[in-house]
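Q: Structure, please.
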Amino acid sequence: MTVPASEAAARALTVRAGRALAAAGQGDMIWGHVAVRDPEGRGVWIKAPGWGLEETAQDRVQLVSFDGQVVAGEGTPHKEVFIHLEILKARPDAHCVVHTHARAAVAFGALGTALLPISHEGALFGGKDVPRFAGTGGLIGTPALGRDLAAALGDAPAALMPRHGLVAAGTGVAAAVMHAVLLDRACALQLNAMAAGPVTHFSDAAEAAAKRVECWPAAQLEQGFAYLCRLADR
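A: Below is the predicted model of the structure:
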């Protein structure tokens, strides 16, 4: 499992995660970020502001404490670092949080439509739709907004942030990255289907829940993440 056991591993996984997300098409110039829980409990490792996901490198990551202070690395912290800090405070099981402005997720989030399990990706949510954070479409720039976002996410793998983007979490780096990628893919597939006509075929709740277990065990998420890392290295 992609859970860091040392500072060096946390730095390396932060770099790999950013580049994997970029390889999956989730880059938005210099915006969007992924944070990895520090194995010593000091906070999170996250890329410094001003760099794209594909530009994440060992010397471009920061250690930000749980009170929002940079304790290692250069520059000021991300304005939205509270997304990661507050979700990881609320989710002791999680070791990684992703926030991106993935295009299909942003487009789908503008619709008052449930995300249906029309595909393996859609079944990630077990036929329960996807959580949505309704607090603001602006930046998550305070601990209070971070806590509200964490409450909206709950124990789900990912959530839409209408008028903004998405957030995803996971017990390891691979899971968090893949949850973000799979949510965006599910949104894209449903948008494509809806453009052609009404959606009439999708899994019921029982089949969707079964597919979530069958299609997305930890091993499959790890393999998907490994593929994205290879793609980023090409």
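
Q: got a list of contacts for stretch 221-228?
A: Here stretch 221-228 makes contact (Cβ atoms under 8 Å, 6 or more residues apart in numbering) with 1-2, 20-21, 23-24, 170, 172-175, 177-179, 181. Yep, even glycine has a C-beta here, placed from its N, CA and C like the rest.

Q: out of the residues you listed, what pair is the most spread apart?
A: Farthest pair in these (Cβ to Cβ) is 1 and 23. Separation: 20.6 Å.

Q: So which of the contacts of stretch 221-228 sit within strands?
A: Among those, the residues falling in strands (DSSP state E) are residue 170.

Q: least confident pick among the contacts of stretch 221-228?
A: In terms of pLDDT, residue 1 ranks lowest among the contacts of stretch 221-228, with 63.

Q: List the buried residues in stretch 215-228.
A: Neighbour-count burial for stretch 215-228 flags 216, 221-222, 224-225, 228 (criterion: 16 or more other Cβ atoms under 10 Å).

Q: Can I get that stretch as PDB, trimmed to CA atoms?
A: The C-alpha trace of stretch 215-228 is given here as PDB (Å, rounded to 0.1, in the frame of the first residue of the first chain):
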ATOM      1  CA  CYS A 215     -13.900  -3.800  -9.300                       C
ATOM      2  CA  TRP A 216     -12.100  -1.500  -6.900                       C
ATOM      3  CA  PRO A 217     -10.200  -3.500  -4.200                       C
ATOM      4  CA  ALA A 218      -7.000  -2.000  -2.900                       C
ATOM      5  CA  ALA A 219      -4.900  -4.100  -5.300                       C
ATOM      6  CA  GLN A 220      -6.700  -2.700  -8.400                       C
ATOM      7  CA  LEU A 221      -6.300   0.900  -7.200                       C
ATOM      8  CA  GLU A 222      -2.600   0.300  -6.600                       C
ATOM      9  CA  GLN A 223      -2.200  -1.100 -10.100                       C
ATOM     10  CA  GLY A 224      -4.100   1.800 -11.700                       C
ATOM     11  CA  PHE A 225      -1.900   4.200  -9.800                       C
ATOM     12  CA  ALA A 226       1.200   2.400 -11.000                       C
ATOM     13  CA  TYR A 227       0.000   2.700 -14.600                       C
ATOM     14  CA  LEU A 228      -0.500   6.400 -14.200                       C
END
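
Q: between residue 1 and residue 23, which one's more packed in?
A: Neighbours around residue 1 and residue 23, counted as other Cβ atoms under 10 Å, are more numerous at residue 23. The numbers are 20 against 13.

Q: Does that one touch residue 181 like I think?
A: No: when contacts are counted by Cβ atoms under 8 Å, residue 23 is not listed as touching residue 181 (9.6 Å).
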